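K.L.:
My questions concern the predicted model and sequence given below.
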Amino acid sequence: MSTDVAYPIFRSPDRNLALRVAWQMVAFGRQSYSDVSVDATVPTLAEVKRLREALPDSWFTCWQGGMDAVPPADIPDLFRSVPARELPVDSPGLDEYLPLSVSMLDQPVGSIEDHFATVVGPYPAEIHWDSMCWPDVPERGLRGEANNAKVTLLLHCADRGLDIQADTHTVLVHVRRRNGDGYEDRFAQWLAEQIGQKVIGPPQHP
């Protein structure tokens, strides 16, 4: 199975501008079956409560290791994801599971992105568009790509793992990872050029 590598092609403290650039890249490769997923880190109980109301169709998950395998009776199993509407935000002990992740997966393109970017708050988050297609570019020796044609907008962070908080927002374009001979670099650079951008940093691997 192939894997992808992602290249930063735009970075800005202006969230709306970064989202606009991401939309340009998505439009270049979007297909009728493309989808979008969103995910954010939620480090405080106040943010859990706020995002539960702002994103009522989302799911909350605890990714922490070392926690009790069986949660208290009044708290659902956050290790398996819990719908926002079923999350008891006033339950004692919920803060023990922080930080949580809030997500919405495999949604129609255009259905959630703008709202999510507006309400997500100041913590690391991402909007990830998948199932797109990059075209053949025979004059550059580039072959069309579908399985790994993706775009990610990192909000308030600088890495795909949502580990490094930042004051900027970064657009990543994804291509198939090959043998590291420069093919991936050339493909990412060509893609960036199609929307008037360029690769601005080293590749990020999963």
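P.N.:
Perfect, I can see it now.

K.L.:
mind showing which ranges of the protein have poor pLDDT?
P.N.:
Judged against pLDDT under 70, the low-scoring parts of the chain cover residues 1, 65-72.

K.L.:
Name the residue closest to the centre of it, please.
P.N.:
The chain has residue 126 as the residue nearest its centroid, 3.0 Å off, counting by C-alpha atoms, centre = their mean.

K.L.:
can you tell me which residues contact that one?
P.N.:
Residue 126 makes contact with 38, 39, 40, 152, 153, 154, 155, 157, 160, 162 under the criterion C-beta atoms under 8 Å, 6 or more residues apart in numbering. Using the backbone N, CA and C atoms, a C-beta is placed for each residue, glycine as well.

K.L.:
which ones among those are found in strands?
P.N.:
Of these, the ones assigned to strands by DSSP state E are 38, 39, 40, 152, 153, 154, 155.

K.L.:
who's the third one bridged to?
P.N.:
Right, the one you point to is residue 40. Judged by DSSP bridges, the bridge partners of residue 40 are residue 102, residue 125.

K.L.:
start at 783 instead
P.N.:
OK, 783 is where the count begins now, so the last one is residue 822.

K.L.:
so who does it touch?
P.N.:
Contacts for residue 822 (C-beta under 8 Å, 6+ apart) come out as 833, 883-885, 898, 902-903, 905-908, 937, 944.

K.L.:
Dump those into a markdown table; add distance to residue 919 as well.
P.N.:
As requested, these are exported to a markdown table (distance: C-beta to C-beta, whole Å):
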| residue | distance to residue 919 |
| --- | --- |
| 833 | 41 |
| 883 | 37 |
| 884 | 38 |
| 885 | 34 |
| 898 | 32 |
| 902 | 35 |
| 903 | 39 |
| 905 | 38 |
| 906 | 33 |
| 907 | 32 |
| 908 | 27 |
| 937 | 30 |
| 944 | 32 |
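
K.L.:
Can you tell me which of those residues are buried?
P.N.:
Buried by 16 or more other C-beta atoms under 10 Å: 833, 883-885, 898, 902-903, 905-908, 937, 944, out of these.
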